[in-house]
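In: any chance you could fold what I've pasted below:
(chains A and B)
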Amino acid sequence: MQQYESELESLDVKVVVVTFEAGFLAKSYAEDTSLRWPLLIDSTRELYKGYDMLEASFWDTWGPRTWWAYLKQFSLGRFPRKSEGDISQRGGDVLIDPGGIVRFHHVGQGPGDRPSPRSILLALARERQSRT
Amino acid sequence: MRSLVGQPAVPFTLSDSEGKTHRLDDYRGSWLLMVFHRHLG
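Out: A predicted model of the protein is given here:
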C-alpha cells in the first residue's frame, strides 16, 4: 500500500494503519517498514469488532489461499516475520468519506484475502465521481 | 459478513505507536482509509 502513498496524497486521502499488537512490536514494525502513516493500536480490538473483523476459521487461516498468498510474498523476496500474536484475527480495509460515512468495507477472510490498493482507489474514484 | 457501506463510521480514540492520540473526528472533512492489519508479520 505504501507504494500508492503519493497517489493517495494527491487525492487528499488520509491513511491510518490499525493493529491490535501493542508496545515494542508495533514500534519496531513502524520502524522496520519505514511506515509513514500513523500506526494506531487497538489492543482491545473494539474497532476491529466494530467493523465486523472477528476471528477467522482454521480453514481461512491455514487453507490454500493463505499458502498461495505467502508463496507470492516469498517470490517477491518478502518474508513475513513470525507472529507472537493472534494469527486468527481478521484484517481488512475501510474507506470513510469526509462526512463520516463508510464507502468501502472489506473484511479479509484470511491472509490471502485482501483487496488490491488499485481496487480501493477505484472505489474512491467512483465515490468521488458520484458526487460531482 | 455484513457490509457497513453507507453506515456511519465507528467512532474511535486510539493512540499510535508514538503515543499520539487519534480520534475519528480528527479526520472529519477528509477521506480516510483505515488499513486493519491481521498481525504485524
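
In: next, A:Val18: secondary structure please.
Out: strand (DSSP: H, G, I helix; E, B strand; the rest coil).

In: quick one: residues contacting it.
Out: Counting by C-beta atoms under 8 Å, 6 or more residues apart in numbering or on different chains, A:Val18 touches A:39-42, A:47-48, B:14, B:34-37. (C-beta placed from N, C-alpha, C; glycine too.)

In: now these as TSV including secondary structure and distance to A:His105?
Out: Shown next, in TSV, are these (DSSP: H, G, I helix; E, B strand; the rest coil; distance: C-beta to C-beta, whole Å):
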residue	secondary structure	distance to A:His105
A:Leu39	strand	21
A:Leu40	strand	17
A:Ile41	strand	21
A:Asp42	coil	16
A:Leu47	helix	13
A:Tyr48	helix	13
B:Leu14	strand	19
B:Met34	strand	10
B:Val35	strand	13
B:Phe36	strand	11
B:His37	coil	16
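
In: from those, pick the one nearest A:Phe20.
Out: Minimum distance to A:Phe20 across the contacts of A:Val18 is 5.4 Å, recorded for A:Asp42 (C-beta to C-beta).

In: A:Thr19 is in contact with that closest one, correct?
Out: Yes: counting by C-beta atoms under 8 Å, A:Thr19 is a contact partner of A:Asp42 at 7.0 Å.

In: out of those two, name the residue with the larger neighbour count.
Out: Shown here are A:Asp42 and A:Thr19; by other C-beta atoms under 10 Å in any protein chain shown, A:Thr19 has more neighbours (27 against 21).

In: spatially nearest residue to the more buried one (excluding sequence neighbours)?
Out: Distances taken as C-beta to C-beta, 6 or more residues apart in numbering or on different chains place B:His37 nearest to A:Thr19, at 4.6 Å, with adjacent residues excluded.

In: I'd say that neighbour and A:Ala30 touch.
Out: No: in this structure, B:His37 is not within contact of A:Ala30 by C-beta under 8 Å, at 11.3 Å.
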